[in-house]
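Visitor: Fold the following, please.
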Amino acid sequence: MTTTTLAVLVPLLPFLGAAAGLLLGRTAPGYVRPLAVLPTLAAFVLAVVVAVDQGGGKSIDASRRLTPTGSVPIDLALHLDGFAALVAVLVGLVATCVQLYSTGYLRDDPRYPSYAALVSLFTSAMLLVVYSGDLMVLLVGWEIMGICSYFLVGHYWETPEARAASLKAFLVTKLGDVPFLIGLFALATDAGTFRITGVVQAALTGGIDHPTLIALLLLAGVAGKSAQFPLHTWLPDAMAGPTPVSALIHAATMVAAGVYFVARLLPVFAASAAALTVLAVMAAVTMVGSALAALAQDDIKRVLAYSTIGQLGYMSGALAVGDRGAAVFHLLSHGAFKALLFLAAGVIIHAAGTNSLSAMSRMDGLARRIPDAYWTMTVALLALSAIPPFAGFFSKEAVLSAAEHTAVGDSAIAPQGAGWIVLIAGLLTALLTAAYAARLWLMAFRGKGAPAPDHGRQPIAMNAVLWVLAVPSLAFGLTTGYLDDWFDGHALTPALTTSVLSTGVALVGGLVTYATWRHTSALAARTPIGAVAAHPEADGGLVEEEAIASHEPAYGDIASAQDPADPGRLLLGPLHRHAATGFHLDAVYRTLFVRPVLAAASLVRFLDREVVDTYVQGAGAVPRWLGRAVRKAQTGNVQTYLSALLAGSAVLALVAVVLANANAGS
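Guide: Numbers count the residues shown, from 1 in each chain. Below you'll find the predicted structure:
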């Protein structure tokens, strides 16, 4: 079979598995798990074969015209370059791990068949985005992922949190998709084609007439899909869904799609210095803000959600300085260790005996009870903190090195200002990332919360998946010298200056957090029970009260918000109460957008009920009253009719006589 044929099968197999799973979910439930795992596993194997065949060499293109459009044609096209080959392998690996993990995690869930089918469809849509060579076909996968995320985030639809989170994710991403679609049409109009190769060639030759406008429109969709400021607020709330779904969304689908899209069309964005500067600022605000928010969260999955937002900021920062190799390298590295973090968090939540939104302040030293999750999550957190030789060090260093080259003027693509913005924000975020990673590890595995009942050993599939993902989390960065061909031949070896700086600030962040945790734990041990509650000025209580007053989601209950052993409270100080609620961005949106829309809807409802309905009802009442009056005259008595006729004739005769006399007198 040819490489293109194998590439077609990669997204097709999960799609067929999803269709078969939906059809047989009720009639043959025994086939559901094989139909969930085997097609995805086969797609992963084929993606590896395609990557080997492509070999990082010249891109492979194939297309077939779908239908005449009369203007810009739409093709069913494949575009296989090194980036597409590697990202498809990541998607297949993570999706396979998620499906295997879910067989144990959701083994007693009655809606597992529909869940597994939606995960397969989600995987198929992302693979379509990765391999697509036509923007309209890419858009199909882009939108399918949006609807899949809606259903998967709302899997536990019985809970109001899941229903609200799924609706919010759908609406916020659609808010970005509207300008994104307009930008795609404008781009195709300027380039004369929807083919990615044709669009890139037009951008390189100056054939795009409105590069800044088009790039900014496209960035709106990217910000929504990849959860970048200011459209990132949906992602932390999406943690209401099952933990394996979180792993899939954060590691290999959905949020990675926006970054991958910009990497594919980087020449379009590079044609506008203003667009790259906007992207750099967006990445910097996203990185720093999300890291501060992660340091204040009590829910373990919300910490990881804000962490994902920040790491996506690193990828956007690499693209802002014109280095798509560094961006995709960090996308691959992050995909491995973030999937591991979420799946390990699922094991922790199960062991802690809490619900799907687990408070770290309630965890009681889980290291001995779940050694597999303990050791693998430690590896993943070290990778997240960019500690050498773990994968995150090499990929994050590639981003910072690219920013440094741009800042000193060595880049001919991006402005120097963008380089400085990304470099400074990246170093500050490296400090904060190590801080919240150390805080998560200490509170989850060394905490002194309430002991939870032992639920027994987790299914072997769940623990096995953790060790599979631990391998690339540890060793993927060591492949930098062997994968250069897949990254446009661009070497991604660490640079001395940024390596020392990033590692240094990460160590400082981790050590300071550990020292703070020791200090706060000692204070907590000497603090009498109820002492915190006796001080209403404690900012934890104010956060909870403010969240209730503004209807913002609180980051924990009263007990967790007032946990005196939380090092994040001392590290952030007065900023903690604001970071815990995501800097009140939801409240701002509610004031600026939600309330005006609701007020307008109330006005429309009033006009419809009190004005339009009144007019319609009045228009029907007049004929009805007239009909009643006429109906009373129809008695059926002939004598009555004759009497009325004679009376009418007499009246008419009298009127005629009066008019005749009046005319004669004049």
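
Visitor: Can you give me the end-to-end span of stretch 261-274?
Guide: For stretch 261-274, the first and last residues are 19 Å from each other (C-alpha to C-alpha, to the nearest Å).

Visitor: Sorry, slip of the keys, the one I care about is stretch 348-362.
Guide: Using C-alpha to C-alpha, the two ends of stretch 348-362 sit 12 Å apart.

Visitor: Where does pLDDT dip in the stretch 1-150 of the chain?
Guide: Within the stretch 1-150 of the chain, no stretch has pLDDT under 70.

Visitor: Could you verify my assumption that residue 96 touches residue 38?
Guide: No. At 9.6 Å, residue 96 does not count as touching residue 38 under the criterion of C-beta atoms under 8 Å. Placement of C-beta: from N, CA and C, glycine included.

Visitor: Compare the two and say which one has the larger neighbour count.
Guide: residue 96 (24 against 14; other C-beta atoms under 10 Å).

Visitor: for that one, helix, strand, or coil?
Guide: helix (DSSP: H, G, I helix; E, B strand; the rest coil).

Visitor: Would you mind listing the buried residues in the one helix or strand residue 222 maps to?
Guide: Following DSSP states H and E, one finds residue 222 within helix 211-225. Within helix 211-225, the residues that count as buried by 16 or more other C-beta atoms under 10 Å are 211, 213-225.

Visitor: Now the element after that helix, going C-ward?
Guide: helix 234-237.

Visitor: buried sites along that following helix?
Guide: 234-237.

Visitor: Make TSV out of the residues you listed and add pLDDT and distance to residue 243.
Guide: Formatted as TSV, the buried residues of helix 234-237 follow (pLDDT from 0 to 100; distance: C-beta to C-beta, whole Å):
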residue	pLDDT	distance to residue 243
234	93	17
235	93	14
236	92	14
237	91	15
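
Visitor: Please tabulate those residues in TSV, including the columns distance to residue 47.
Guide: Listed next are the buried residues of helix 234-237 as TSV, based on distance: C-beta to C-beta, whole Å:
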residue	distance to residue 47
234	28
235	26
236	30
237	31
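
Visitor: Nearest to residue 576, out of those: which one, please.
Guide: Lowest distance from residue 576 to those (C-beta to C-beta) belongs to residue 236, with 16.3 Å.

Visitor: So that closest one sits against residue 302, correct?
Guide: Yes. In this structure, residue 236 is within contact of residue 302 by C-beta under 8 Å, at 5.0 Å.

Visitor: ok so, going back, any idea which of the buried residues of helix 211-225 is closest to residue 329?
Guide: Using C-beta to C-beta, the buried residues of helix 211-225 come closest to residue 329 at residue 222, 18.5 Å.

Visitor: for the closest one, what are its contacts?
Guide: 176, 180, 228, 258-259, 261-262, 316 (C-beta atoms under 8 Å, 6 or more residues apart in numbering).

Visitor: again, only this time at 6 Å
Guide: Going by C-beta atoms under 6 Å, 6 or more residues apart in numbering, residue 222 touches 258, 262.

Visitor: for the stretch 251-400 of the chain, which spans come out with low pLDDT?
Guide: In the stretch 251-400 of the chain, residues with pLDDT under 70: 352-358, 365.

Visitor: Serialize the buried residues of helix 211-225 to a markdown table and add fields for distance to residue 348 and pLDDT.
Guide: Converted to a markdown table, the buried residues of helix 211-225 look like this (distance: C-beta to C-beta, whole Å; pLDDT from 0 to 100):
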| residue | distance to residue 348 | pLDDT |
| --- | --- | --- |
| 211 | 47 | 94 |
| 213 | 46 | 96 |
| 214 | 44 | 96 |
| 215 | 41 | 96 |
| 216 | 41 | 96 |
| 217 | 41 | 96 |
| 218 | 38 | 96 |
| 219 | 36 | 96 |
| 220 | 36 | 94 |
| 221 | 34 | 94 |
| 222 | 32 | 95 |
| 223 | 31 | 94 |
| 224 | 30 | 93 |
| 225 | 28 | 92 |
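
Visitor: could you dump these to JSON lines with distance to residue 71?
Guide: Shown next, in JSON lines, are the buried residues of helix 211-225 (distance: C-beta to C-beta, whole Å):
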{"residue": "211", "distance to residue 71": "21"}
{"residue": "213", "distance to residue 71": "20"}
{"residue": "214", "distance to residue 71": "17"}
{"residue": "215", "distance to residue 71": "22"}
{"residue": "216", "distance to residue 71": "24"}
{"residue": "217", "distance to residue 71": "19"}
{"residue": "218", "distance to residue 71": "20"}
{"residue": "219", "distance to residue 71": "25"}
{"residue": "220", "distance to residue 71": "24"}
{"residue": "221", "distance to residue 71": "22"}
{"residue": "222", "distance to residue 71": "26"}
{"residue": "223", "distance to residue 71": "29"}
{"residue": "224", "distance to residue 71": "27"}
{"residue": "225", "distance to residue 71": "27"}
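
Visitor: Need the CA coordinates for the helix holding residue 222. CSV is fine.
Guide: C-alpha atoms of helix 211-225 as CSV (Å, rounded to 0.1, in the frame of the first residue of the first chain):
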residue,chain,number,x,y,z
PRO,A,211,-2.1,39.8,5.7
THR,A,212,-2.7,41.7,9.0
LEU,A,213,-6.4,41.6,8.8
ILE,A,214,-6.5,37.9,7.8
ALA,A,215,-3.9,36.9,10.4
LEU,A,216,-5.9,38.7,13.2
LEU,A,217,-9.1,37.0,12.2
LEU,A,218,-7.5,33.6,12.2
LEU,A,219,-5.9,34.3,15.6
ALA,A,220,-9.4,34.8,17.1
GLY,A,221,-10.2,31.2,16.2
VAL,A,222,-6.8,29.9,17.3
ALA,A,223,-7.3,31.7,20.7
GLY,A,224,-10.7,30.0,21.2
LYS,A,225,-9.6,26.5,20.1
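
Visitor: show me where the stretch 451-600 of the chain has helices.
Guide: Ranges of helices in the stretch 451-600 of the chain, per DSSP state H, counting those that start in this stretch, are 460-475, 496-526, 539-550, 558-561, 567-572, 576-579, 585-589, 595-606.

Visitor: Among those helices, which comes closest to residue 420?
Guide: helix 496-526 (13.2 Å).

Visitor: so how far is that closest one from its chain's centroid?
Guide: 30 Å (C-alpha atoms, centre = their mean, to the nearest Å).

Visitor: Report the buried residues of it.
Guide: 498-499, 501-503, 505-506, 509-510, 512-514, 516-517, 520-521.
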